[in-house]
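A.B. asks: Could you look at this predicted model? Sequence included:
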Amino acid sequence: MKTLLKLISFLSLALTLLPSLLVMKEIISPELSKNIMLIGTITWFVSASFWMNKSEKEEAEG
């Protein structure tokens, strides 16, 4: 489960970084970039909060 959450977190982090490069290359519009980055940001905060800064003991307890 933790591995899946990490994968989702890093994919959402990519959603916050890649759109700016695509706008710079004029592949997508700035408005679309803002929407993609917002989705990536929300997904990052939701998914990362479940696995970051938790000790092994806390993870074992649930």
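C.D. replies: Now that the structure is in, tell me what you want to look at. Numbering: from 1, shown residues only.

A.B. asks: Need the nearest residue in space to residue 22, chain neighbours excluded.
C.D. replies: residue 28 (4.6 Å; Cβ to Cβ, 6 or more residues apart in numbering). The C-beta positions use only the backbone N, C-alpha and C, and glycine is treated the same way.

A.B. asks: show me where the protein has helices.
C.D. replies: With DSSP state H, the ranges of helices along the chain come out as 2-24, 30-48, 56-61.

A.B. asks: Mean pLDDT lowest where, among those?
C.D. replies: Lowest mean pLDDT within the helices of the chain: helix 56-61, a mean of 66.

A.B. asks: OK, contacts around the spatially most central residue of the chain?
C.D. replies: Central residue check for the chain by Cα atoms, centre = their mean: the C-alpha nearest the mean position is that of residue 12, 2.3 Å away. Residues counted as contacts of residue 12 (Cβ atoms under 8 Å, 6 or more residues apart in numbering) are 39-41, 43-44, 47.

A.B. asks: Can you lay out these as CSV showing neighbour count?
C.D. replies: Compiled in CSV, the contacts of residue 12 are given as follows (neighbours: other Cβ atoms under 10 Å):
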residue, neighbour count
39, 14
40, 19
41, 14
43, 17
44, 19
47, 20
